[in-house]
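**Q** sharing a sequence plus its predicted fold:
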Amino acid sequence: MDLQEFWFVLIAVLWGGYFLLEGFDFGVGMLLPFLPRDERERGQMFQTIGPVWDGNEVWLVVAGGATFAAFPAWYATMFSGFYLALLLILVFLIVRVVSFEWREKGDDAHWRAVWLWANAIGSTGIALIWGIGLSSLLHGVPIDSDGDYSGNLVDLFTGYTVFAGIAFVLLFAFHGTTYLTLRTTGELCERVQKAGRRLAIPTVVAGAAFLVWTVAVAVIAAPRRRETMRMTDRPATVRFLVRDIGTLQVEMMQTDLGGCLVTTPEQTVLDLAHLPNLGDMEVEALAAIHALVPRCDQQMLAQIAATQRLGRALERVRKMAA
């Protein structure tokens, strides 16, 4: 394991710790309007998370700091691109934090009900936005050639990411019931257990569906995408093809974006001759072939054509060079 892999695993552990420990806090907050029957039970639910919720937030701070330290480019792109989403999370966090303190500032039933619902809405909103934001990283977001996010807040909302947000809400609510069964007694504990049984099946179904959809998005669909990427800093487009890079003739080159593998002149000529109409730029492809042929090694051309079964492309190249 190299240093990058170590930091990636460490960051995953930190995020996992945050959702494991803060998840039950959010879950308890979501359940506040529905499970307690009187002010004593509502106070009991608040007390179960009152001593620990602020300590659990440390995991989020450390995860963000570790991301900045180990992967500054990732941090910059994600935190600037998800600025509005993270701002919403911050607003929900502030509302939730304030609800703990201000609820105790008055004994009026209406006053306390307002801050109880503020905690519930804040907890639900945080879970929903975290699910949408993190699943967007798996689904993919528009990034330009400078590594900057080129979309907007609406681009984060797709069928997959919204479903992920709902799955997060269900999972945290179920997590909250599990935690409350350990911290409450009497009739409140019985109602919590009943709520947990009701939430179990929807949570399992949503979680399983999310995992299946994630595999479809990240493993099956992603390598087969053909969407054209338009460059924002120059009049150019990038088209993606599924290739077996193990058979390609490539060489390492340094570009503005860092080191990358670039096909050799021989490989490029054969690719252009094989698919000259790709991108509706046949004239430009033929011009590129004419410019690159003098730089090609004829034996290497023949070898690549034989290995990759590009005999017809090789014939076109030779006709153009004649």
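**A** Done, it's in.

**Q** do you know the pLDDT at residue 322?
**A** Looking at residue 322, its pLDDT reads 69.

**Q** can you check residue 260 too?
**A** pLDDT recorded at residue 260 is 76.

**Q** helix/strand/coil for it?
**A** strand (DSSP: H, G, I helix; E, B strand; the rest coil).

**Q** how about the strands in the stretch 101-250 of the chain?
**A** 229-230, 237-238, 250-255 (DSSP state E, counting those that start in this stretch).

**Q** deepest of those strands, which one?
**A** Highest mean neighbour count of the strands of the stretch 101-250 of the chain: strand 229-230, a mean of 14 (counted as mean count of other Cβ atoms under 10 Å). Heads up, the C-betas are built off the backbone N, CA and C, glycines and all.

**Q** how about the contacts made by the residue nearest to the spatial centre of the chain?
**A** Taking Cα atoms, centre = their mean, the centroid of the chain lies closest to residue 137, which sits 1.9 Å from it. Residues in contact with residue 137 (Cβ atoms under 8 Å, 6 or more residues apart in numbering) are residue 78.

**Q** repeat for residue 170
**A** For residue 170, the contacting residues are 199, 202, 203, 206, 207, by Cβ under 8 Å, 6+ apart.

**Q** make it 6 Å
**A** With contact set as Cβ atoms under 6 Å, 6 or more residues apart in numbering, residue 170 has these partners: 202, 203, 206.

**Q** hmm, back to that, export the strands of the stretch 101-250 of the chain to CSV and tack on mean pLDDT and distance to residue 164?
**A** Shown next, in CSV, are these (pLDDT from 0 to 100; distance: least, Cβ to Cβ, whole Å):
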stretch, mean pLDDT, distance to residue 164
strand 229-230, 71, 24
strand 237-238, 72, 28
strand 250-255, 79, 34
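
**Q** make TSV from the ones you listed and add distance to residue 85 to it.
**A** Listed next are the strands of the stretch 101-250 of the chain as TSV, based on distance: least, Cβ to Cβ, whole Å:
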stretch	distance to residue 85
strand 229-230	22
strand 237-238	26
strand 250-255	31
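
**Q** which one of those lies closest to residue 111?
**A** Between residue 111 and those, the tightest spacing by Cβ to Cβ is seen for strand 229-230, at 53.0 Å.

**Q** what's that closest one in contact with?
**A** For strand 229-230, the external contacting residues (Cβ under 6 Å, 6+ apart) are 237, 238.

**Q** ok so, going back, for ChimeraX, write the selection for the buried entries among the contacts of residue 170.
**A** Those of the contacts of residue 170 that count as buried under 16 or more other Cβ atoms under 10 Å are selected in ChimeraX with:
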select :203,206
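
**Q** any regions of the stretch 101-250 of the chain where pLDDT drops low?
**A** Low-confidence segments of the stretch 101-250 of the chain, defined by pLDDT under 70: 144-147, 218-228, 240-246.

**Q** give the buried residues for stretch 39-49.
**A** Using 16+ other Cβ under 10 Å as the test for burial, stretch 39-49 gives 41, 42, 44, 45, 46, 48, 49.

**Q** what sits against the first one?
**A** In this case it means residue 41. With Cβ under 6 Å, 6+ apart, residue 41 has these contacts: residue 188.

**Q** what helix or strand is it located in?
**A** Element membership of residue 41 [criterion: DSSP states H and E] is helix 39-49.

**Q** quick one: name whatever helix or strand follows that helix.
**A** Sequence-wise, the next helix or strand downstream of helix 39-49 (DSSP H and E) is helix 53-70.

**Q** ok, residue 206 - contacts?
**A** Residue 206 makes contacts with 167, 170, as judged by Cβ under 6 Å, 6+ apart.

**Q** now with 7 Å?
**A** By Cβ atoms under 7 Å, 6 or more residues apart in numbering, the contact list for residue 206 reads 166, 167, 170.

**Q** nearest to residue 123, out of these: which one, please.
**A** Among those, residue 170 lies closest to residue 123 (Cβ to Cβ), at 13.0 Å.

**Q** distance of the closest one relative to residue 176?
**A** Residue 170 sits 11 Å away from residue 176, going by Cβ to Cβ, to the nearest Å.

**Q** domains for this protein, by residue range?
**A** Split into domains by automatic domain parsing, the chain comes to 3-226, 243-321.

**Q** turn those into JSON lines, including distance to residue 234.
**A** What follows is these, written out as JSON lines (distance: least, Cβ to Cβ, whole Å):
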{"stretch": "domain 3-226", "distance to residue 234": "8"}
{"stretch": "domain 243-321", "distance to residue 234": "11"}
